[in-house]
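J.: Sequence and predicted model, in that order:
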Amino acid sequence: MFRKSLTLGIVSGLLAGIAGIAYSRVYYQINESDFSKVVSAVKIVAASLFGGVLAAIGYTLLNKWLKNNGEIVFNLCFTLISFASLLAPIAVTLPKTIDTPELFPGLVIPMHFFPALGWYTLKPIFIKSK
Amino acid sequence: MNKLFYPVAAALILAGSAFTFFAPQNWKIADGYSITWSVVGSEAGGIFKTFTGSLVFDEQNPATGVFDMKVDAGSVNSGNGLMNKHAKSDEWLDAARFPVIHFASRSISKTAGGYQVTGDLDLHGVKKPVTIPFTFQKTAQGGTFAGSFTVSRNDYKIGKPGGDVGEQIKVDISVPVTKS
């Protein structure tokens, strides 16, 4: 069980990281605001992988403890945690050399949902419904 | 009348040319300046990105110097978009009504540690005299003015008295200049 969910977590995390990098490039083209010193490609992938692996651990534990309702609780928690994590980019103080800090949440907030999106999209491939 | 013309012209030319020798140096503000502010006793702080002005200063004769500096209140940057919006709002700097923070010197004098300039700081629609101690590090191409001072935001009616934000605001200025 854990092996499957860990694989799903890593793959969806990587996918979220790639999507995050692509999104940051598009965001830079549109807004001409460069946040690469704060949010580098490596950091995007690492944070997405962290989210994916954390989700794998949570999924395994919740399905172990709550046999029938584990998946429902997990999905709810994953979405709620993704929402709650939005506070971080809103509250963060960036280096003063960055001219447009008001554009930073617009870059990072969508990325906070990418690991969950990746997980929900790829889950049927890795973990079959009971 | 004709007899006086040449002596007067000569005197004027002499006086004018002598003045150019003894006129204090005009300094042009170079890139890389920084105007940072921080709330004393708190982590809150930021910079002002846009700064213009004229600096006339002679180390040998500081009393002849004149500083006139303008800071764009709307260029405040705390590193956080929401805080920037808040800082520019009518509760704090009210950048829409008072877009310029203006300092005009009245006198410059030498001190033990460097120099000090006394002038009027026009901030948030309130003009008050302030004294800014500063140093001037001269280089071959120009130099750098550096100074810091503290103002009470209550004196300038910025924000409400008390609350979470401290009342003393420390301002650090570093202005590289070149000869103009």
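T.: It's in. Residues are numbered from 1 along each chain as shown, chains lettered A, B, ... in the order given.
J.: Correct me if wrong: A:Pro105 contacts A:Ile90.
T.: Yes - at 5.3 Å, A:Pro105 counts as touching A:Ile90 under the criterion of Cβ atoms under 8 Å. (Glycine included, C-beta is placed from N, CA and C.)
J.: got the residues of chain B near chain A?
T.: Residues of chain B lying near chain A by Cβ under 8 Å from any Cβ of the partner chain: B:36, B:46-47, B:49, B:77-85.
J.: Using JSON lines, please lay out the residues you listed together with neighbour count.
T.: Below are the residues of chain B next to chain A laid out as JSON lines (neighbours: other Cβ atoms under 10 Å in any protein chain shown):
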{"residue": "B:Thr36", "neighbour count": "16"}
{"residue": "B:Gly46", "neighbour count": "21"}
{"residue": "B:Ile47", "neighbour count": "19"}
{"residue": "B:Lys49", "neighbour count": "17"}
{"residue": "B:Asn77", "neighbour count": "24"}
{"residue": "B:Ser78", "neighbour count": "20"}
{"residue": "B:Gly79", "neighbour count": "18"}
{"residue": "B:Asn80", "neighbour count": "22"}
{"residue": "B:Gly81", "neighbour count": "20"}
{"residue": "B:Leu82", "neighbour count": "13"}
{"residue": "B:Met83", "neighbour count": "19"}
{"residue": "B:Asn84", "neighbour count": "20"}
{"residue": "B:Lys85", "neighbour count": "12"}
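J.: Show me the residues you listed that map onto strands.
T.: Judged by DSSP state E, those include B:36, B:46-47, B:77 as members of strands.
J.: any idea which of these is closest to chain A?
T.: Ranked by distance to chain A (Cβ to the nearest Cβ), these are led by B:Ile47 at 4.5 Å.
J.: In contact with the closest one, which residues are there?
T.: Going by Cβ atoms under 8 Å, 6 or more residues apart in numbering or on different chains, B:Ile47 touches A:96, B:34-37, B:76-77.
J.: who's in contact with the closest residue to it other than its chain neighbours?
T.: Excluding its sequence neighbours, the residue lying closest to B:Ile47 (Cβ to Cβ, 6 or more residues apart in numbering or on different chains) is A:Lys96, at 4.5 Å. A:Lys96 makes contact with B:36, B:46-47, B:77-79 under the criterion Cβ under 8 Å, 6+ apart.
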